[in-house]
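Novice: build me a model from this:
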Amino acid sequence: MRYLLLPLLLLSHLALAEPAELDWLELMPEADRQALEAMPEISHDGAEQDGAFYTPGGLRQQDQSLPPVMYSAKTVATLDGKPVRLGGYPVPLESDAEGRSTLFFLVPYPGACIHVPPPPPNQLVLVRYPRGIELADIYAPLWVSGTLRVEPVSNELADAAYALDAGSVRLVEEADL
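Specialist: Numbering: from 1, shown residues only. Predicted structure coming up:
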């Protein structure tokens, strides 16, 4: 009996463990990563200095003079259907009756909705979280865990190359760092 208990405990621990952490650059194909690393320094000045929350065009790329990698929607097919944990910053889209965000973009850096240029579509993830989370501060980083999908998403604010059906969303805590 004792020999049966140990495997069951181990399996229950693994079932509760969070999925493997995914780095934002892993969402880009290798050619895009190399192009991004080779890209010259660009200005990130934007509407933030004016106190604006969303720039005209939102997270859509407006500057047509940037290298093609800044418009890339190329994805990594092997990530489709994978359970992942991704850290990032929310750009709220929809809320429930209690004001909890149930649909938002997750972006790799804070204030992506007001910085210029915004991230390319393969660096934007639409998060669906029916349980919702209260987002008091869009500059507070989140951990989002769930199933990642290669799924082109387009709305008035942005184009994204991925969507994530979240099982859990939580604020990053001091102990995580």
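Novice: state the distance from Leu124 to Val172.
Specialist: In this view, Leu124 and Val172 are 19 Å apart by Cβ to Cβ, to the nearest Å. C-beta: built from backbone N, CA, C; applies to glycine.
Novice: which one of these two is surrounded by more residues?
Specialist: Between Leu124 and Val172, Leu124 has the larger neighbour count (other Cβ atoms under 10 Å), namely 26 against 14.
Novice: can I assume the more buried one is in contact with Tyr109?
Specialist: No: counting by Cβ atoms under 8 Å, Leu124 does not reach Tyr109; the two are 11.5 Å apart.
Novice: per-residue pLDDT of the residue most central in space within the chain, please?
Specialist: Compute the mean C-alpha point of the chain, and by Cα atoms, centre = their mean the closest residue is Leu106, 3.1 Å away. Note for Leu106: predicted pLDDT of 97.
Novice: what sits against it?
Specialist: Leu106 sits next to 86, 88-91, 124-127, 142, 144, 164 when contact means Cβ atoms under 8 Å, 6 or more residues apart in numbering.
Novice: now the phi/psi pair for Met70, please.
Specialist: Met70 has phi and psi values of phi -80, psi 0 when expressed as degrees, to the nearest 10.
Novice: ugh, typo on my part, it should be Glu174
Specialist: Residue torsions, per degrees, to the nearest 10, at Glu174 are phi -50, psi -40.
Novice: for burial, what's the neighbour tally of Ser72?
Specialist: 20.
Novice: that one contacts Pro120, correct?
Specialist: Yes: between Ser72 and Pro120 there is a contact under Cβ under 8 Å: 4.7 Å.
Novice: list residues touching both of those two?
Specialist: Common neighbours of Ser72 and Pro120 (Cβ under 8 Å, 6+ apart) are Asp32.
Novice: low-scoring stretches of this protein, by residue?
Specialist: Residues of the chain meeting the criterion pLDDT under 70: 1-16, 42-59, 61-63, 113-116.
Novice: which residues in the protein form helices?
Specialist: 2-16, 30-38 (DSSP state H).
Novice: count of neighbours near Arg131?
Specialist: 11.
Novice: ditto for Asp165
Specialist: Close neighbours of Asp165, defined as other Cβ under 10 Å, add up to 14.
Novice: renumber starting at 365 from here on
Specialist: That works, and once the first residue is 365, the last one we named lands at Asp529.
Novice: quick one: residues contacting it.
Specialist: Residues counted as contacts of Asp529 (Cβ under 8 Å, 6+ apart) are 492, 510-511, 513.
Novice: if we use 7 Å, what do you get?
Specialist: Contact analysis of Asp529 by Cβ atoms under 7 Å, 6 or more residues apart in numbering lists 492, 510-511.
Novice: and what of Leu499?
Specialist: Leu499 neighbours (Cβ under 7 Å, 6+ apart): 454, 456, 465.
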